[in-house]
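Asker: Next comes the sequence, and after it the predicted model I'd like to discuss.
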Amino acid sequence: MIEVVNLHKSFGDAHVLKGITTTFEKGKTNLIIGQSGSGKTVFMKCLLGLMIPDEGTISYDGRRFALLSGDERRDLRQDMGMVFQGSALFDSMTVEGNVMFPLEMFTKQSRSEMEDRVNFVLKRVNLVDAHKKFPSEISGGMQKRVAIARAIVMNPKYLFCDEPNSGLDPNTAILIDNLIQEITKEYDIITVINSHDMNSVMEIGEKIVFLKNGVKEWEGTNKDIFRTDNKAITDFVYSSELFKKVRQMYLKDGD
Ligand SMILES: Nc1ncnc2c1ncn2[C@@H]1O[C@H](COP(=O)(O)OP(=O)(O)OP(=O)(O)O)[C@@H](O)[C@H]1O
């Protein structure tokens, strides 16, 4: 479990995170949602250990970040996989090279061990014939699959995804969401996703943390969203007429 207690972060006079307390559990897709500027990215950077909070604690299966030695922090970072917004693949490297990169950087595995692992994760994300292609030669959805393969190649305990659906058409976005959720369950990972996408919220929001102006305004599951009276979350999620209608139908059916 990732446990966050009373997290605060300011930049000068701007108090961006205001006392966030929450937990993220194993085998679940956890979503951080909120309007632009609400503090989602800053929160995720704190979770990744890239930003140091001013106050509060983050513990990863009992490992409290602030109390770890340099070596222990390095080990923790190796337990983290990251899917960046826009995939962030190296253009000059093939698909295989991109996925192998963390293994080359952080392990002493032999070439054939690395190739086996790369083949395994590329197969897992349903990319079998793309090893020798360059990012520019494959579609946006395939690039996301490569980014996911690269994020899981080191067998992480924690997977962080920043807007994994950005730039994808709705069908491909759902496939990517489902892939992330399947992988989360299959490998019992703690996955935390920064998202703007309401389809993702409804589809894979097993736990949703809603930030408003740096405060945790609401948390719950995608099903709880249908029933909640919290105006801030309903206004945010149901800014679309379609979702308003879906909610009414859901409440009428009583499930
Ligand atoms: N390094 C920084 N220095 C100063 N201010 C920052 C820094 N990083 C973020 N901020 C401020 O913190 C606030 C929250 O930013 P953040 O990027 O976390 O929002 P967000 O919810 O991720 O928005 P978006 O959905 O648009 O990505 C913003 O007002 C931003 O200007």
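Answerer: The structure has been received and is ready for your questions.
Asker: Which residues does the lowest-mean-pLDDT helix or strand in the chain contact?
Answerer: The helix or strand of the chain with the poorest confidence is helix 241-253; it has a mean of 73 (mean pLDDT, DSSP states H and E). By CB atoms under 8 Å, 6 or more residues apart in numbering, the surrounding residues in contact with helix 241-253 are 198, 202, 225-227, 234, 237-238. C-beta coordinates here come from the backbone N, C-alpha and C atoms, glycine included.
Asker: what number of residues lie near residue 80?
Answerer: Residues contacting residue 80 under the criterion other CB atoms under 10 Å number 19.
Asker: Bridging across strands, which residues link to it?
Answerer: residue 158 (DSSP bridges).
Asker: pretty sure it is in contact with residue 161, am I right?
Answerer: No - here residue 80 lies out of contact with residue 161, judged by CB atoms under 8 Å, at a distance of 11.4 Å.
Asker: Tell me how far residue 198 lies from residue 246.
Answerer: Between residue 198 and residue 246 the distance, using CB to CB, to the nearest Å, works out to 10 Å.
Asker: and what of residue 88?
Answerer: When CB to CB is applied, the distance between residue 88 and residue 246 equals 33 Å.
Asker: Comparing residue 198 and residue 246, which shows the higher neighbour count?
Answerer: Between residue 198 and residue 246, counted using other CB under 10 Å, the more crowded position is residue 198 (19 against 16).
Asker: Next, the buried residues of the longest helix seen in the chain.
Answerer: In terms of residue count, the longest helix belonging to the chain (DSSP state H) is helix 170-186. The neighbour-count criterion (16 or more other CB atoms under 10 Å) identifies 172-177, 179-181, 183-184 as the buried residues of helix 170-186.
Asker: near the ligand, which residues of the protein show up?
Answerer: The chain comes close to the ligand at residues 11, 14, 16, 34, 36-42, as judged by CB under 6 Å from any ligand atom.
Asker: Inside helices: which ones of the residues you listed?
Answerer: 40-42.
Asker: what bits of the protein have low per-residue confidence?
Answerer: Counting by pLDDT under 70, the chain contains low-confidence ranges at 240, 254-255.
Asker: how about the strands in it?
Answerer: Counting by DSSP state E, the chain forms strands over residues 2-11, 14-24, 28-34, 55-60, 63-64, 80-83, 158-162, 190-194, 207-212, 215-220, given from the N-terminal end onward.
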